[in-house]
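S.K.: Have a look; sequence and predicted model below, questions after that.
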Amino acid sequence: MAKQQLPVALSLLLLFLLVALPPPAARGAETPQYTTVHAESDFEVRRYRDTVWMSAPSDRSSFHVATKLGFHRLFQYLMGANLNSSRIRMTTPVLTSVVPGAGPLHSSAYFVRLYLPAKFQASPPVPLPELNLHPDRWPGHCIAVRSFSGYARDNNVVEEAEKLALSLSQSPWANSTNYPSKNAYSIAQYDNPFHFFSRVNEVWFDVDCKSTGVETY
């Protein structure tokens with residue numbers, strides 16, 4: 001018998017029960033490991049190891065809607081909508097990668113991703129086909145990161161990305177952003193929707209470590 005997806009109402013109820021708990025970071029949620037290789041007053045550059053993420057592509061025209069619906073599919077996957085019926089612990093961040101001009105009528109396309117826990121990195125459970133999810137294997141590389149607070153919405157994520165681009169252009173990393181990447185930038189969200197204060201978000205740009213003499217491994 002084919003496995004059924006969680007009804008939207010049940011999924012949202014489970015999501016509420018999950019996010020009504022303390023923020024994931026306070027509960028020791030897994031995050032991808034990195035080393036900080038450069039720091040400025042308004043951004044830093046991190047070197048990440050090889051990682052595997054589960055990705056939900058979306059052609060929605062809104063960052064907010066794409067993130068919400070993409071996370072809904074990923075949440076079903078975490079709750080057992082995979083061929084192994086495996087329950088997978090929530091990790092942070094929820095990462096939405098933005099590719100301007102790659103969607104319908106030259107709108108943006110989005111990829112909503114969750115980092116897979118260490119126990120599933122080598123062999124991710126296969127998602128049910130109807131969820132339209134796929135694993136993304138990221139080789140070790142460097143990422144420039146700018147932090148910002150509040151909620152990540154369509155009206156501020158582009159502004160934050162532009163601020164990071166300006167900071168990079170005035171730094172030793174000015175010529176490093178041509179690193180081959182399918183994503184223009186990504187927005188990392190670390191807090192659940194019911195965590196109202198001191199929220200932590202980041203904008204990520206892939207950068208070329210080797211252009212400044214930093215090696216990945």
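M.R.: Arrived safely. Given the structure is predicted, the values throughout are model-derived calculations rather than measurements.
S.K.: For the residue nearest to the spatial centre of the chain, list the residues it contacts.
M.R.: Compute the mean C-alpha point of the chain, and by CA atoms, centre = their mean the closest residue is Leu95, 1.2 Å away. Leu95 makes contact with 53, 112-115, 186-189, 204 under the criterion CB atoms under 8 Å, 6 or more residues apart in numbering. Any C-beta I mention is one placed from the backbone N, CA and C, and that applies to glycine too.
S.K.: And Val157, by the same measure?
M.R.: So Val157 contacts 63, 98, 187, 203 (CB under 8 Å, 6+ apart).
S.K.: What count of nearby residues applies to Asn175?
M.R.: Asn175 has 12 neighbours, counted by other CB atoms under 10 Å.
S.K.: Nearest spatial neighbour of it, chain-adjacent residues omitted?
M.R.: Distances taken as CB to CB, 6 or more residues apart in numbering put Ser211 closest to Asn175, at 5.9 Å, once the chain neighbours are dropped.
S.K.: Ok, Leu83 next?
M.R.: Per CB to CB, 6+ apart, closest to Leu83 is Val126, 4.4 Å.
S.K.: Near the one you found, how many other residues are there?
M.R.: So Val126, with other CB under 10 Å, has 14 neighbours.
S.K.: Ok, Arg153 next?
M.R.: 12.
S.K.: Let me know the pLDDT of it.
M.R.: What the model reports as pLDDT for Arg153 is 93.
S.K.: Next: Met54.
M.R.: The per-residue pLDDT of Met54 was computed as 98.
S.K.: Just say helix, strand or coil for it.
M.R.: strand (DSSP: H, G, I helix; E, B strand; the rest coil).
S.K.: bridging residues for Tyr34?
M.R.: Per DSSP bridges, the residues bridged to Tyr34 are Tyr48.
S.K.: Run a quick check on it versus Glu44, I expect a contact.
M.R.: No - here Tyr34 does not reach Glu44: they are 9.8 Å apart, not a contact under CB atoms under 8 Å.
S.K.: Okay, now the unreliable bits of this structure?
M.R.: Where the chain drops to pLDDT under 70, the residues are 1-28, 101-107, 178-182, 213-217.
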